[in-house]
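1. give me coordinates for this.
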Amino acid sequence: MKAYEDLTRRGKLRRTNHIARSALEAFGFTEASLRLMVDAGNTTYRVRTVDHTPVEGGLYVDDCYSLRLHQPGYQNEGAVDSELEWLSALSEAGLPVPQPIPTKEGELSVEVSVPGVPVARRCSLLRWMKGRMAPKLVRPWHMKAIGRLIARLQNHASSWRPPPGFVRRHYDRNGLWGDDTGTGYTADEVWSKIPRRYFEAFQEVTTRVEEVMEDWGKGPDVYGLIHADLGTEANVLFHRGEARAIDFDDGGYGYWVYDLAVPLVDLEGDDALPTFRDALLEGYSEIRSMPEEQLDKLGLFQAAFRALEIFWGTASTLRNPDSTYWVERREKAWLHITRALKLGSI
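-> This is a model prediction of the structure:
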């Protein structure tokens with residue numbers, strides 16, 4: 001058998017399909033169609049079954065699921081099952097999120113290994129939610145709906161008690177640009193390789209953010225379990241005016257205001273940004289309140305996300321010097337930070 005590392009991308013996916021099929025058997029599906037949706041980080045398939053079992057409530061597509069083969073080494077031990085426990089609790093509470101499907105043994109995930117693939121993959125199965133991504137022309141109502149969604153998720157997080165052994169990443173200094181970012185590199189390894197052109201702005205933002213973190217602490221009034229990656233360009237579906245959250249892979253503990261800042265990052269540079277910001281906060285305030293002291297730092301935490309992109313962009317160039325995606329994203333992040341610093345908006 002040819003070594004896995006010597007295969008073409010198509011050859012690797014052909015073997016990965018065997019993992020997917022074995023995983024489906026563990027979840028009780030022997031007859032199903034698989035369609036590859038994403039092969040970046042996690043490998044994700046759309047699964048169609050022949051059960052013809054209607055799902056009550058109208059939130060999910062009948063006989064349709066998302067099968068995820070989780071990226072080896074990206075999550076800490078136990079983090080995948082913790083995500084699924086969180087999703088199960090959100091689903092039981094009636095929030096619009098993917099519902100995890102247990103295996104035949106009642107487990108939330110299963111580890112699968114097959115001959116010819118050197119690393120076993122942790123696999124999970126979720127119901128496929130109805131909805132579509134936002135169009136290119138975003139309207140204020142999209143942001144208002146996202147604001148409501150974030151408020152509902154944060155309200156649940158404020159009252160939910162995670163089970164013993166629950167583990168998710170943290171969006172504090174260590175998780176944003178420290179030693180526990182998920183990049184596989186330490187802070188020293190990445191910081192020393194950030195191009196001089198970017199470093200001054202990067203350091204200025206990270207210093208300001210860390211000062212706020214130090215001042216606020218991590219009490220439940222400022223810090224809790226957040227999605228951390230909701231926006232008009234990713235991880236939000238819209239259905240009949242409602243925003244629905246998908247892809248909790250990067251969800252973890254962070255500042256409430258950071259969760260609100262992320263959707264605005266997609267719209268930086270748009271002349272209508274103030275209108276979108278007002279719509280986001282209007283939707284949020286319908287369900288949950290946030291003190292002005294925290295809202296005043298919304299722009300700073302947008303810059304924190306951009307600093308995270310500079311960190312990740314640099315780490316990614318260390319791993320893959322020929323990749324242009326993160327190089328371009330890092331440049332864009334630096335431009336936005338520099339502009340914000342000049343305008344005094346952070």
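2. how much space between the spatially most central residue of the chain and Tyr258?
-> Closest residue to the average C-alpha location of the chain: Asp250 at 3.8 Å, with Cα atoms, centre = their mean. Using Cβ to Cβ, to the nearest Å, one obtains 12 Å as the distance from Asp250 to Tyr258. Quick note: C-beta positions are derived from backbone N, CA and C, even for glycine.
3. three-state assignment of Thr34?
-> Just to correct that, residue 34 is Leu rather than Thr. Under DSSP: H, G, I helix; E, B strand; the rest coil, Leu34 falls in the strand class.
4. circling back to that earlier point, residues that sit against both of Asp250 and Tyr258, list them.
-> Common contact partners of Asp250 and Tyr258 (Cβ atoms under 8 Å, 6 or more residues apart in numbering): Ala228.
5. could you look up the SS state of Val47?
-> Applying three-state DSSP: Val47 is strand.
6. make that Arg244, sorry
-> strand.
7. using PDB, write out every CA atom in the host helix or strand of Glu328.
-> Glu328 belongs to helix 325-343 when assigned by DSSP states H and E. The C-alpha trace of helix 325-343 is given here as PDB (Å, rounded to 0.1, in the frame of the first residue of the first chain):
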ATOM      1  CA  TYR A 325      -4.100  33.100   2.100                       C
ATOM      2  CA  TRP A 326      -2.800  34.000   5.500                       C
ATOM      3  CA  VAL A 327      -0.200  36.400   4.100                       C
ATOM      4  CA  GLU A 328      -3.000  38.400   2.500                       C
ATOM      5  CA  ARG A 329      -5.200  38.100   5.600                       C
ATOM      6  CA  ARG A 330      -2.400  39.300   7.800                       C
ATOM      7  CA  GLU A 331      -1.800  42.400   5.600                       C
ATOM      8  CA  LYS A 332      -5.500  43.200   5.700                       C
ATOM      9  CA  ALA A 333      -5.600  42.900   9.500                       C
ATOM     10  CA  TRP A 334      -2.600  45.200   9.800                       C
ATOM     11  CA  LEU A 335      -4.200  47.800   7.600                       C
ATOM     12  CA  HIS A 336      -7.400  47.900   9.700                       C
ATOM     13  CA  ILE A 337      -5.400  48.100  12.900                       C
ATOM     14  CA  THR A 338      -3.300  50.900  11.600                       C
ATOM     15  CA  ARG A 339      -6.400  52.800  10.400                       C
ATOM     16  CA  ALA A 340      -8.100  52.400  13.800                       C
ATOM     17  CA  LEU A 341      -5.000  53.600  15.700                       C
ATOM     18  CA  LYS A 342      -4.800  56.700  13.500                       C
ATOM     19  CA  LEU A 343      -8.500  57.500  13.900                       C
END
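8. next up, phi/psi of Pro98, please.
-> phi -60, psi 140 (degrees, to the nearest 10).
9. who's in contact with it?
-> 66, 87, 91, 126-129, 246, 248.
10. which residue ranges form the strands in the stretch 51-200 of the chain?
-> 60-69, 100-101, 110-112, 121-129, 169-170 (DSSP state E, counting those that start in this stretch).
11. adding mean pLDDT and distance to Ala157, write these out as TSV.
-> Listed next are the strands of the stretch 51-200 of the chain as TSV, based on pLDDT from 0 to 100; distance: least, Cβ to Cβ, whole Å:
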stretch	mean pLDDT	distance to Ala157
strand 60-69	96	22
strand 100-101	98	17
strand 110-112	96	27
strand 121-129	97	19
strand 169-170	96	14
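12. okay, these, which one's buried deepest?
-> Most buried of these, by mean neighbour count (mean count of other Cβ atoms under 10 Å): strand 121-129, with a mean of 22.
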